[in-house]
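K.L.:
Requesting a structural model of the entry that follows:
(chains A and B)
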Amino acid sequence: MDFLSIKDLGQTFGGLAAVSDFSLEMPEGTVFGLIGPNGSGKTTVFNCITRIYTPQRGRISFRGKNLLRLAPHQIIRAGIGRTFQNLELFREMSPMENLLVGQHIKYRAPLLSCALGLPGLKKKDREAQMRGRQVMELLGLQEYLGKPVASMPLGIKRKLEIARALVASPALLLLDEPASGMNERETKDLQESLLAVRAQFGASILLVEHDMSLVMSLCDRIAVMNFGRKIAEGTPAEVKIHPEVVEAYLGKGDA
Amino acid sequence: MKKWWWKIALALLLLSWPLLTMILMPDKTYYDYVASLVLANVCIAVGLGILMGYTGLVSLGQAGFVAMGAYTVGILISKAGFDLLSALLVAAILCALTGFTLGLTAVRLKSTYLVLVTLGFGASIPHLLVYFHDLTGGHNGLQVAGATLLGLPITSGKQFYYIILGVVSLLVWCAFNLTRSKKGRTFRAVRDSEIAAQSLGINLMVTRATAFAVSAVYAGVAGGLLAPLLGYLGAEDYNIMASLNYLIMVIIGGASSLWGVMLGALFFVVAMELFSNSPAGMTLVFFGGAVIATMMLLPRGLASLPAVLSKKRGALRGR
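P.N.:
Sure, this is the predicted structure:
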């Protein structure tokens, strides 16, 4: 069965084609990079997969399931978790509470049980906290456990968002520019964390990223977009020397 | 440790209030009535606090739910011979269903439009009450008499006080449980980031509608508790101004703290009673000023007063 399969995706915003004729086959267990200059349509692809947008054309399926028939909140149950380019943490909550909300689909909490504070539910909360703590430790976040989210450095916030997506144990993790705004040391740190995540959770990762060294070192395969179209796909070594890719990035100083 | 003493003292005060008023003012029942009024408003404010502070939705139609609860209980007690508790249960269910439905219709709307939907709901209720005058008494109002609790007639204001105290305490306890539970976190997640909440599997529509249902139940039960105490219900008492008053309580108290909204309700009812002899417009001026002052000095309401004060003290010491 196919893992993530996108066919002839098309999305226009007011006459501007954000994505056109975009196809992608992502096998299970890979780290797949999606790169391209600003405005090339990478995030639009993400938002189509996660049903924030309904694409005008094309098909997206995941493990044989047609994603376009799902509502946005059903995507995580299908097995796809994500992070956001402009952080979307729950700012008024503690890091642990963020990770508890991340486990929303793991257990049910009927309104009356919540209102009566039933012990069975509290036990499940404690188990969820255990899982949250494990993921925090895996990502090296344990020292931030009691700190308010708003005061965290950017790199830590991004990692917390990854942790929040991970606690739901998705089969596919979509990361939208996890290293943007990070310095070199933070990026290096993130790279190690992502490798640990891959080893521990076995999650496949679809990565949108500008940082070329991160993409090249982490990804098994890379697709390159420009002006809403896929202009190249291959291993990092193949993509690096692809003439159209070099042209798209020329003068940007990234590659 | 300090916190515990504080809570025990509050519980003792609430439990002994009718005795205190009996000893200090034996010929007056007014203070029992005011205390009952405070408790009922605490209940409404807590429900609205869960909606506004925790879920991030504003309602300008809470008086509609209060009216729904009051008339349901009033009609069931005086025309169908229901016991107070079973009448309250019917009122709660009716309000929950109405609140949920209103929440569903409002789900695609945000901020301004949602406020308008709730405003429309709140504004329509007094007119509906007049329209169905056979049942509600219309402009003549509805007499509520003959309330019983578990078969025993309720006769004095002190008895009503204890019933209201019991029911409201239970609901406040539930509210604390709820806000600390998974459902409470779900509410706050929707408030902080819709897009992230969705990506984690939270159904925005159902979550919002649930929060509306909860706030409607709190408003409806409070209305139902007041109905037999007031003894008379008039449709015009549940207009937009009443809804605005609940909003004022929550804003002054601090929407995202349950203790805050309760404090806001206490402040509002007591101030309202103090102003009952002043010219009508002055009350509005006072509360308008109070809201502005709160927004400027304590954007998180009275609930944040201790934190703000201790910060100030810390800053002074630092100098």
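
K.L.:
what's residue A:225 sitting at in phi/psi?
P.N.:
Backbone torsions of residue A:225, given as degrees, to the nearest 10, read phi -110, psi 150.

K.L.:
can you pull the contacts of it?
P.N.:
Contacts were defined as Cβ atoms under 8 Å, 6 or more residues apart in numbering or on different chains; by that measure residue A:225 touches A:22, A:34-36, A:40-42, A:45, A:231. C-beta here means a position set from N, CA and C on the backbone, and glycine is covered the same way.

K.L.:
Can I get those residues in TSV including pLDDT?
P.N.:
TSV is the format used below for these (pLDDT from 0 to 100):
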residue	pLDDT
A:22	90
A:34	92
A:35	89
A:36	85
A:40	84
A:41	86
A:42	88
A:45	91
A:231	87
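
K.L.:
Return the subset of those residues lying in helices.
P.N.:
A:42, A:45 (DSSP state H).

K.L.:
What separation is there between the nearest residue to residue B:143 once chain neighbours are set aside and residue A:115?
P.N.:
Distances taken as Cβ to Cβ, 6 or more residues apart in numbering or on different chains place residue B:232 nearest to residue B:143, at 5.9 Å, with adjacent residues excluded. According to Cβ to Cβ, to the nearest Å, residue B:232 stands 32 Å off from residue A:115.

K.L.:
Looking at these two now, which is surrounded by more residues?
P.N.:
Neighbours per residue, other Cβ atoms under 10 Å in any protein chain shown: of residue B:232 and residue A:115, the larger number sits with residue A:115, 22 against 14.

K.L.:
mind checking how far that one is from residue B:246?
P.N.:
In terms of Cβ to Cβ, residue A:115 sits 21 Å off from residue B:246.

K.L.:
what do you get for residue B:252?
P.N.:
11 Å.

K.L.:
So which of these two has more stuff around it?
P.N.:
Counted by other Cβ under 10 Å, residue B:252 and residue B:246 do not tie: residue B:246 has more neighbours, with 30 against 27.

K.L.:
any chance you could map the strands in chain A?
P.N.:
Secondary structure of chain A by DSSP state E: the strands cover A:4-13, A:16-26, A:31-35, A:57-62, A:65-66, A:80-82, A:172-176, A:204-208, A:221-226, A:229-234.

K.L.:
meant to ask about chain B
P.N.:
Under DSSP E, chain B gives strands at B:142-143, B:148-149, B:152-153, B:232-233.

K.L.:
Parallel or antiparallel, which strands does the second one pair with?
P.N.:
When pairs are called by DSSP bridges, strand B:148-149 turns out to pair with strand B:152-153 (antiparallel).

K.L.:
And for the strand it pairs with, what's in contact with it?
P.N.:
B:146-147.

K.L.:
same thing but 10 Å
P.N.:
With contacts defined as Cβ atoms under 10 Å, 6 or more residues apart in numbering or on different chains, strand B:152-153 is touched by B:83, B:146-147, B:159.

K.L.:
which among the residues you listed end up buried?
P.N.:
Buried members of the contacts of strand B:152-153, counted by 16 or more other Cβ atoms under 10 Å in any protein chain shown: B:83, B:147, B:159.

K.L.:
residues contacting the last one?
P.N.:
When you say that, I think you mean residue B:159. B:18, B:32, B:147, B:149, B:152-153, B:229.

K.L.:
per-residue confidence at residue B:43?
P.N.:
The score at residue B:43 is 96. That number is its pLDDT.

K.L.:
now residue A:201
P.N.:
Note for residue A:201: predicted pLDDT of 79.

K.L.:
ok, and the closest non-adjacent residue to it?
P.N.:
That would be residue A:166: by Cβ to Cβ, 6+ apart, it lies 6.2 Å from residue A:201.

K.L.:
circling back to that earlier point, including distance to residue B:301, could the contacts of strand B:152-153 go into a markdown table?
P.N.:
A markdown table is the format used below for the contacts of strand B:152-153 (distance: Cβ to Cβ, whole Å):
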| residue | distance to residue B:301 |
| --- | --- |
| B:83 | 38 |
| B:146 | 40 |
| B:147 | 35 |
| B:159 | 33 |
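
K.L.:
and which of the residues you listed is nearest to chain A?
P.N.:
residue B:83 (22.1 Å; Cβ to the nearest Cβ).

K.L.:
number of nearby residues for residue B:314?
P.N.:
For residue B:314, the neighbour count with other Cβ under 10 Å is 9.

K.L.:
Contact partners for it?
P.N.:
By Cβ under 10 Å, 6+ apart, the contact list for residue B:314 is empty.

K.L.:
Kindly report the same for residue B:42.
P.N.:
Contacts of residue B:42 by Cβ under 10 Å, 6+ apart are B:49, B:164, B:168-169, B:171-172, B:218, B:222, B:249, B:253, B:258, B:261-266, B:269.

K.L.:
and chain A, which of these reach it?
P.N.:
residue B:171 (Cβ under 10 Å from any Cβ of the partner chain).

K.L.:
List the ones among the contacts of residue B:42 that fall in helices.
P.N.:
Per DSSP H, the subset of these in helices is B:49, B:164, B:168-169, B:171-172, B:218, B:222, B:249, B:253, B:258, B:261-266, B:269.

K.L.:
what does the model give residue 102 for pLDDT?
P.N.:
You didn't say which chain, so I picked chain A. On the pLDDT scale, residue A:102 gets 94.

K.L.:
oops, chain B please
P.N.:
Residue B:102 is given a pLDDT of 89.

K.L.:
Would you confirm that residue B:256 contacts residue B:192?
P.N.:
No: using Cβ atoms under 10 Å, residue B:256 makes no contact with residue B:192, being 11.1 Å away.

K.L.:
Now list whatever residues contact both of the two.
P.N.:
Any residue near both residue B:256 and residue B:192 by Cβ under 10 Å, 6+ apart counts here, and that gives A:92, B:56.

K.L.:
Just give me the neighbour total for the nearest residue to residue A:7 once chain neighbours are set aside.
P.N.:
For residue A:7, ignoring the flanking residues on the chain, the nearest one in space by Cβ to Cβ, 6+ apart is residue A:59 at 4.6 Å. Residues near residue A:59, counting by other Cβ under 10 Å, number 14.

K.L.:
Since that was my last question, I'll sign off now.
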